[in-house]
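Q: How does the following fold in three dimensions:
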Amino acid sequence: MKKISSSASTVLICALILSVSQFAWAVPKAGLQLEINVCEFKVPSELAQANATFVVTYIVQVGEDGRPLKVDKERNDFLTDDPFVHCIKSWTLPFGSQKLAVSFTWKHGQGWTQLAITGEDLNYRITFEPGAFAQFRRARGNDHP
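A: The predicted model follows:
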């Protein structure tokens, strides 16, 4: 009886380990992808050299295939919209059929510092080191990384 009980315990433990490991190592559905082109948006030299810190924000309607269907300006007080809209429309996002807010942050003395993508149940932030973009390095007289 002890031998049967011991074997049954071993089987149950193995089954538990397998089910937990499948849950712990679950991967997203095949075919989901995240593809973000980090574009360099030009800032006029007067604005880049001014004491300006600002955020540019767009509302993006994402289709079922993860491609942006519509990009609407939420806030952009200083720059033209076309480069931002063109860049965002080149992305593929793994969260289909929802609205997302996409924000780009420019900080005085640092240049573009953050890209944020937020929506229902998600909050992604990509932070850039100060001077990460060529325009800001040139504006400061430092052409090499």
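
Q: Strands of the protein, residue ranges please.
A: 54-62, 68-75, 98-107, 111-119, 122-127 (DSSP state E).

Q: Dump the ones you listed to TSV, plus mean neighbour count.
A: From N, CA and C alone the C-beta is placed, and that goes for glycine too. Converted to TSV, the strands of the chain look like this (neighbours: other C-beta atoms under 10 Å):
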stretch	mean neighbour count
strand 54-62	18
strand 68-75	14
strand 98-107	18
strand 111-119	18
strand 122-127	11
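
Q: how about TSV for the ones you listed, with mean pLDDT and distance to residue 83 added?
A: Converted to TSV, the strands of the chain look like this (pLDDT from 0 to 100; distance: least, C-beta to C-beta, whole Å):
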stretch	mean pLDDT	distance to residue 83
strand 54-62	97	10
strand 68-75	97	12
strand 98-107	95	10
strand 111-119	94	12
strand 122-127	91	18
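
Q: what about the chain, any weak spots by pLDDT?
A: 1-32, 135-145 (pLDDT under 70).

Q: Can you give me the neighbour number for residue 79?
A: 17 (other C-beta atoms under 10 Å).

Q: Kindly reformat the strands of the chain as CSV and extend each row with distance to residue 33.
A: Shown next, in CSV, are these (distance: least, C-beta to C-beta, whole Å):
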stretch, distance to residue 33
strand 54-62, 13
strand 68-75, 14
strand 98-107, 16
strand 111-119, 14
strand 122-127, 14
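
Q: With respect to residue 85, which of those lies nearest?
A: Nearest to residue 85, of all the strands of the chain, is strand 68-75, at 4.7 Å by C-beta to C-beta.

Q: So which residues of the protein form helices?
A: In the chain, the helices defined using DSSP state H lie at 2-24, 45-49, 82-89, 134-139.

Q: From residue 88, how far off is residue 95?
A: The gap separating residue 95 from residue 88 is 14 Å, by C-beta to C-beta, to the nearest Å.

Q: and if you look at residue 75?
A: 14 Å.

Q: cool, residue 115 as well?
A: For residue 115 relative to residue 88 (C-beta to C-beta), the value is 10 Å.

Q: and for those two, which residues touch both?
A: residue 102 (C-beta atoms under 8 Å, 6 or more residues apart in numbering).

Q: List the buried residues of stretch 33-45.
A: Neighbour counts using 16 or more other C-beta atoms under 10 Å place 36, 39, 41, 43 of stretch 33-45 among the buried residues.
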